[in-house]
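[1] next input, structure requested:
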Amino acid sequence: MAYFEDLSIYRYSDVDIIETDWGWLEFRPGYDRINVGWLDASHPFEEGPTPSWFANSLLDIIAAARVNTMRGYSRCPFCPSRPEDPMLSVAHPSGILWLGHTEIRVPGPGVMFAGPSLIWHYVTAHSYRPPAGFIEAVEQYDFGWTAESGPWIPSDAQRITFD
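    A predicted model of the protein is given here:
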């Protein structure tokens, strides 16, 4: 997986593709996305406790709209692994969530955070403490941010349905 410093501008992809229950939204955001949780073993990261509700809330966000699903997947750079090891997975009330091949978006006041789905594993297994603004945005997460055109989804977003 690529490393990006926390709170730097996201440049991994120019386009966001969000999978919803009815299809996909594809668009080029007209705003900067801010990196959070793109960790790598060769770079230090902030460690420490997170609020007791944080990991479950983060997992709910991962289970919501999948963003920029990739054909391959990334492994945790901190855990020993073998080539035959499967993707990391975690149980969630909605079903098994596979980590390492999707991204998340978390809107906050005037900012859109962008992170890998592995961020949940980094928090729970490696004590990663994301920036305070991201933690606050997770606490205030609006699951309806992808529902219709608004400040985050442009009116010209391409809608591709499952029909």
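[2] show me what the helix ranked longest in the chain packs onto, helices and strands only.
    As assigned by DSSP state H, the longest helix anywhere in the chain is helix 54-63. Counting contacts by 3 or more CB pairs under 8 Å, 6 or more residues apart in numbering; DSSP states H and E, helix 54-63 packs against strand 88-92, strand 95-99, strand 103-108, helix 119-126, helix 132-139. Using the backbone N, CA and C atoms, a C-beta is placed for each residue, glycine as well.
[3] of those, flag the one that's most buried.
    Among the helices and strands packed on helix 54-63, ranked by average contacts under mean count of other CB atoms under 10 Å, first place goes to strand 103-108 (a mean of 22).
[4] got a list of what Leu59 touches?
    By CB atoms under 8 Å, 6 or more residues apart in numbering, the residues touching Leu59 are 90, 92, 97, 120.
[5] any chance of a markdown table for the helices and strands packed on helix 54-63, columns distance to Ala2?
    Shown next, in a markdown table, are the helices and strands packed on helix 54-63 (distance: least, CB to CB, whole Å):
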| stretch | distance to Ala2 |
| --- | --- |
| strand 88-92 | 17 |
| strand 95-99 | 16 |
| strand 103-108 | 11 |
| helix 119-126 | 13 |
| helix 132-139 | 18 |
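[6] partners of the closest residue in space to Pro29 that isn't next to it in sequence in the sheet?
    Once flanking residues are discounted, Pro29 sits nearest to Asp16: 5.8 Å by CB to CB, 6 or more residues apart in numbering. For Asp16, the beta-bridge partners under DSSP bridges are Phe27.
[7] quick one: contacts for Asp16?
    Here Asp16 is in contact with 25-29, 33, 67-68, 105 (criterion: CB under 8 Å, 6+ apart).
[8] what do you get for Trp38?
    If a contact means CB under 8 Å, 6+ apart, then Trp38 has 1-4, 6, 12, 115-116 as its contacts.
[9] which pair in the contacts of Leu59 spans the largest distance?
    The most widely separated members of those, counting by CB to CB, are His92 and Trp120 (9.8 Å).
[10] returning to what we had before: ok, the contacts of Asp16 vs Ile160, which is closest?
    Proximity of the contacts of Asp16 to Ile160, judged by CB to CB, is greatest for Glu26, which lies at 6.7 Å.
[11] right, and that closest one touches Pro154 too?
    No: counting by CB atoms under 8 Å, Glu26 does not reach Pro154; the two are 10.6 Å apart.
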